[in-house]
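Asks: The sequence and its predicted three-dimensional model are supplied below.
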Amino acid sequence: MTAVLPDRKTAYDVERIRRDFPILHRTIRGGKKLVYLDNAATTQKPQAVIDRLVTYYSEENSNVHRGVHYLSEVATAAYESARTTVKKFIHARDEKEIVFTRGTTEGINLVTSSWGRRHVGAGDEVLITAIEHHSNIVPWQLLCEEKGAKLRIVPVNDAGEVIVDEFAKLLTKRTKIVAFGHASNALGTINPAKKMIAMAHANGSLALVDGAQGVPHLTVDVQDLDCDFYAFSSHKVYGPTGIGVLYGEQALLDAMPPYQGGGDMILSVSFEKTTYNALPYKFEAGTPNISGVIGMAAALDYVTALGLPNIAAHEQDLLRYATGRLKEIPGIRIIGTAAEKAAVISFTLEGVHPHDIGTILDQEGIAVRTGHHCAQPLMMRFNVPATGRASFGLYNTREEADALVAGLHKVVEVFRG
Amino acid sequence: MSSGDLRELYQQVILDHNRNPRNFKELPGATKKVEGYNPLCGDHYTVFIELDGDVIKDISFTGNGCAISKSSASVMTSTVKGKRTDDAEKMFEIFHKLVMGEPAGLSEAELGRLAAFSGVSEFPARVKCATLAWHTLHNALQGEQEVVTTE
């Protein structure tokens, strides 16, 4: 089928783009217009992605890499063509470097289990930053506990930026790998990834980038970044949930043992010896999330057609506008004021717990995240138990930022009378 | 929903107890000390109880969280202070029914300040906030000492 893609020749027309997302037109809470500002948690899906899933299940459903029959050929072709789409999207060299996973979390766990168990030993160090999501903390903690290695943390400044001088100091001859987010889900901070990767490599350490919040906002070029691993999730970039990608540099992936055993990851099995399949199938045990992979490719096609630089420019405009307007609210504190930021605004309101903010905004039809954003150590760093977070996507508007500000004025009214 | 419904949730008693929580301190003579934690929203309290036989001679709490959880902890301590433990457990049952929107079997006058939490039943996501301190008290009275959650 031919997906309906936006016309790349026209200027960024957000109203037209909004028409591609059916959920944005529903009302909630007794007729309130939905104002969806929880894009860092998950993004909404364009009709092109929804249609692609329907077409797959209506016309193409079959298992991949197995059957000689027609449908299996069609499904396999769509599945493998999606791998090429991903390869192009993140500018990898080869399809062999694209491993499909359940999401960013599984991608990182794959690296800690397969590469980590083989290469990290007692006394070695793993270096992460203070603004990581739990998914880029806990897998490394598990590895370090198992191996007697040490997890070291690069501090951030009061703006929520990684202190590069401290990063340099913490790189030692024992540092086996450095792992950090391309952009922070909680604060929006965009890390100087290329520089940090170069510093890691100069030190003889590998570098993994948690790209969950990078891929939706930034043009990702894994060759230019020169990272060893890059993990991301489809659902943060307008695709289905339950599917994601681990990019790994080919020679590294080749040398790594399998992560899980099962079908599809083998060439031949006997009770004496099993020969593993070639890359990337060695890391894709079991029947994969075929519809998810195909739906993700439709999402990446959609984003590519709009153009990531155009999306980024639109989101940066929203970030500037919303930040300026939020400062009008008495008692607001914006947490995370990095010079380089994705369109994520974390905030607290004096005298009001974020959970109460979330409930009151929800009554106005406004969806924001409240809580610790799966980054509890970061919350401790800024001495707040939780924050409210508005995160913008390619379809948000200045009017929606205005609605957020009006909603927060209502919060103030309820709490301060 | 209109902001009128919000006023049902954030009643004056709740806003007042949130701003000026009662019995909000540590209790040096506590015979029991139990933590309550909601990992999802980060509500985190410690409830201190001084038992004299089966009477709650004194009770206090510390910690932080949303207005619903904090005011509920405050009202709870005021309500059960001086009560017998089995009466406190009965109050918890009544309170639980109230926030679940079930008939509590008491008039508004009998409920007293607890009645302020009746609006919570319209906000299912907030029931766990309202009951966190009560669950913590319950577990303290049952003799459990580990961290309590209402997730």
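Replies: It's in. Since we're looking at a predicted model, the values are computed, not measured.
Asks: ranges for the strands of the stretch 51-200 of chain A?
Replies: A:98-101, A:125-129, A:150-154, A:175-181 (DSSP state E, counting those that start in this stretch).
Asks: want to throw those into TSV with mean neighbour count and mean pLDDT?
Replies: Any C-beta I mention is one placed from the backbone N, CA and C, and that applies to glycine too. Output for these, formatted as TSV (neighbours: other Cβ atoms under 10 Å in any protein chain shown; pLDDT from 0 to 100):
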stretch	mean neighbour count	mean pLDDT
strand A:98-101	24	98
strand A:125-129	25	98
strand A:150-154	18	98
strand A:175-181	24	98
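Asks: and A:Leu253, which of those is closest to it?
Replies: strand A:98-101 (7.2 Å; Cβ to Cβ).
Asks: Now do that closest one: everything it contacts.
Replies: Strand A:98-101 has contacts (Cβ atoms under 8 Å, 6 or more residues apart in numbering or on different chains) with A:83, A:86-87, A:92, A:107, A:110, A:231, A:243-248, A:253, A:279-280, A:283-284, A:288-289, A:293.
Asks: Cross those against helices and list the overlap.
Replies: In helices, defined here by DSSP state H, the members of those are A:Arg83, A:Val86, A:Lys87, A:Gly107, A:Leu110, A:Leu253, A:Val293.
Asks: From those residues, pick the one nearest chain B.
Replies: A:Gly107 (24.1 Å; Cβ to the nearest Cβ).
Asks: Name the nearest residue to residue 141, sequence neighbours excluded.
Replies: Using chain A here. A:Leu151 (5.9 Å; Cβ to Cβ, 6 or more residues apart in numbering or on different chains).
Asks: looking at chain B here, not the other one
Replies: Nearest one to B:Leu141, counting by Cβ to Cβ, 6+ apart, is B:Thr85 at 5.2 Å.
Asks: now swap in A:Ala159 and tell me
Replies: A:Thr337 (4.6 Å).
Asks: That neighbour reaches A:Gly160, doesn't it?
Replies: Yes. Taking contacts as Cβ atoms under 8 Å, A:Thr337 lies within contact range of A:Gly160: 6.8 Å.
Asks: In terms of neighbours, single out the busier of the two.
Replies: A:Gly160 (23 against 17; other Cβ atoms under 10 Å in any protein chain shown).
Asks: State the pLDDT value of that one.
Replies: pLDDT, A:Gly160: 96.
Asks: And chain A, what are its domain boundaries?
Replies: A:14-46+A:307-416, A:51-304 (automatic domain parsing).
Asks: Export the ones you listed to JSON lines and append columns for distance to B:Leu40.
Replies: Shown next, in JSON lines, are these (distance: least, Cβ to Cβ, whole Å):
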{"stretch": "domain A:14-46+A:307-416", "distance to B:Leu40": "6"}
{"stretch": "domain A:51-304", "distance to B:Leu40": "13"}
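Asks: mind listing what's buried in the helix or strand in which A:Glu15 is found?
Replies: Take DSSP states H and E as the rule and A:Glu15 turns out to sit in helix A:14-18. Across helix A:14-18, burial judged by 16 or more other Cβ atoms under 10 Å in any protein chain shown covers A:Val14, A:Ile17.
Asks: centre of the chain versus it, how much separation?
Replies: Computed by Cα atoms, centre = their mean, to the nearest Å, the chain-centroid distance of helix A:14-18 equals 23 Å.
Asks: Would the next helix or strand after it count as contacting chain B?
Replies: Downstream of helix A:14-18, the first helix or strand assigned by DSSP H and E is strand A:27-28. No. Strand A:27-28 stays clear of chain B (Cβ under 8 Å from any Cβ of the partner chain), getting no nearer than 10.0 Å.
Asks: Can you report how many residues lie near residue 110?
Replies: This is for chain A. Residues near A:Leu110, counting by other Cβ under 10 Å: 25.
Asks: Please refer instead to chain B.
Replies: So B:Glu110, with other Cβ under 10 Å, has 11 neighbours.
Asks: now A:Glu315
Replies: 22.
Asks: Could you verify that A:Ser346 is part of a helix?
Replies: No. Per DSSP: H, G, I helix; E, B strand; the rest coil, A:Ser346 lies outside any helix segment and is strand.
Asks: and chain B, which of its residues are near chain A?
Replies: So far as Cβ under 8 Å from any Cβ goes, chain B lies against chain A at B:1-3, B:5-7, B:9-10, B:15, B:19, B:40-44, B:64-68, B:70, B:123, B:125-126, B:129.
Asks: Name the spans of the chain whose pLDDT lies under the cut-off.
Replies: Going with chain A. Along chain A, segments meeting pLDDT under 70 span A:1-10, A:417.
Asks: Let me rephrase: I mean chain B.
Replies: In chain B, residues with pLDDT under 70: B:1-4, B:144-151.
Asks: Where do the helices of it begin and end?
Replies: B:3-9, B:12-19, B:67-80, B:85-100, B:108-111, B:127-141.
Asks: Point out the most buried one among the ones you listed.
Replies: Highest mean neighbour count among the helices of chain B (mean count of other Cβ atoms under 10 Å in any protein chain shown): helix B:67-80, with a mean of 26.
Asks: Which elements pack onto that one?
Replies: Judged by 3 or more Cβ pairs under 8 Å, 6 or more residues apart in numbering or on different chains; DSSP states H and E, helix B:67-80 is in contact with helix A:354-363, helix B:12-19, strand B:43-52, strand B:55-64, helix B:85-100, helix B:127-141.
Asks: between it and helix B:85-100, how big is the angle?
Replies: 150 degrees (axes from the mean of the first three to the mean of the last three Cα atoms, to 10 degrees).
Asks: Alright, I will stop here.
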